[in-house]
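Enquirer: Fold the following for me, if possible:
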Amino acid sequence: MIRRTVSAASLCILLSVIALADGGKLEAIGPFTGEGAPDSLKNALEAQGQRVMLSDGSVVCELWMRKAVPARAKTDVAGAVYTAIQDSAVVGVITFPKGGTDFRGQAIKPGAYVLRYALHPTDGNHMGISPIRDFLLLVPVGGDPNVDAQFKFEELTKLSTKASGTNHPAPLSLVSVEGKSVFPSVFENEHGHLGFAAKLKTTAGEMPIAFIVKGVAEQ
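Expert: The predicted model follows:
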């Protein structure tokens, strides 16, 4: 009886804060209320978000996933994993309370950013950045007023330069969910990158997704 009581108490703790060995932890938080964000974006997000923290308690970012991400029939594309997500679709919102960096190492100012799906072309500008071609591009919430808007790749990358403040878009690298069984959760990969994994709700059903929230491409 005592062992069962302890196990139940431990389970409650795990449900509120999911710890990661050597990496960090997740904490459930309330709805996204970012200043300057359109109501249509706020209404499109799940009511509960996740705060990603390092093991010392410092906050890396906060995340809210979209309630129903536009989906399409998955296609086989060389080097791509998440082709069931519609091009340029809003996947969620991320905030960096103290600023951060994108996967290219570009500085990202403190604030809130829309995460839009993009499939990078196989050209010399993107080769070697990531083992897969799928990325999430950051766009400041104030510069992305229509959550249902669709963009061509060139249009989206131009929008994303508003997040980086450079001539390059601001990407977060999508990675494989292979070997991950807990959602949502945080993880550390072999390169020391901190990642976030979740079950993404789409118009075609749930799908697991994972991406790097802290870490720079090996170049």
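Enquirer: where along this protein do the helices fall?
Expert: 2-16, 39-44, 153-164 (DSSP state H).
Enquirer: Lowest mean pLDDT across those, which one is that?
Expert: Lowest mean pLDDT of those: helix 2-16, a mean of 38.
Enquirer: Contacts only, for residue 211.
Expert: By C-beta atoms under 8 Å, 6 or more residues apart in numbering, residue 211 lies in contact with 136, 172, 173, 174, 175, 195, 196. (Glycine included, C-beta is placed from N, CA and C.)
Enquirer: Please apply the same query to residue 74.
Expert: Neighbour list for residue 74: 83, 84 [criterion: C-beta under 8 Å, 6+ apart].
Enquirer: Tell me, please, the helix or strand in this protein that averages the lowest pLDDT.
Expert: Here the helix or strand of the chain ranked lowest by mean pLDDT, DSSP states H and E is helix 2-16, holding a mean of 38.
Enquirer: any idea how far residue 137 is from the spatially closest residue to residue 38 that is not a sequence neighbour?
Expert: Leaving aside its chain neighbours, residue 38 sits nearest to residue 145 (5.1 Å; criterion: C-beta to C-beta, 6 or more residues apart in numbering). Taking C-beta to C-beta, to the nearest Å as the measure, residue 145 falls 16 Å from residue 137.
Enquirer: Between those two, which has more neighbouring residues?
Expert: residue 137 (27 against 12; other C-beta atoms under 10 Å).
Enquirer: list the contacts for the more buried one?
Expert: If you count contacts by C-beta under 8 Å, 6+ apart, then residue 137 has 115-118, 156-157, 159-160, 163, 169-172 around it.
Enquirer: Distance of the closest residue in space to it that isn't next to it in sequence relative to residue 141?
Expert: Leaving aside its sequence neighbours, residue 137 sits nearest to residue 160 (C-beta to C-beta, 6+ apart; 4.2 Å). Separation of residue 160 from residue 141 (C-beta to C-beta): 13 Å.
Enquirer: would you put the C-alpha positions of stretch 90-101 in PDB?
Expert: Only the C-alpha atoms of stretch 90-101 are listed here, as PDB (Å, rounded to 0.1, in the frame of the first residue of the first chain):
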ATOM      1  CA  VAL A  90       1.500  27.700 -38.700                       C
ATOM      2  CA  VAL A  91       2.500  25.000 -36.300                       C
ATOM      3  CA  GLY A  92       2.600  27.000 -33.100                       C
ATOM      4  CA  VAL A  93       4.100  30.000 -31.300                       C
ATOM      5  CA  ILE A  94       7.400  30.200 -29.300                       C
ATOM      6  CA  THR A  95       8.500  33.000 -27.000                       C
ATOM      7  CA  PHE A  96      12.000  33.700 -25.900                       C
ATOM      8  CA  PRO A  97      11.700  35.700 -22.600                       C
ATOM      9  CA  LYS A  98      15.500  36.500 -22.600                       C
ATOM     10  CA  GLY A  99      16.200  36.100 -26.300                       C
ATOM     11  CA  GLY A 100      17.900  33.200 -27.900                       C
ATOM     12  CA  THR A 101      19.500  32.000 -31.200                       C
END
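Enquirer: Quick one: mean pLDDT for that stretch?
Expert: Average pLDDT, stretch 90-101: 97.
Enquirer: quick one: buried residues of it?
Expert: By neighbour count on 16 or more other C-beta atoms under 10 Å, the buried set for stretch 90-101 is 90, 91, 92, 93, 94, 95, 96, 100, 101.
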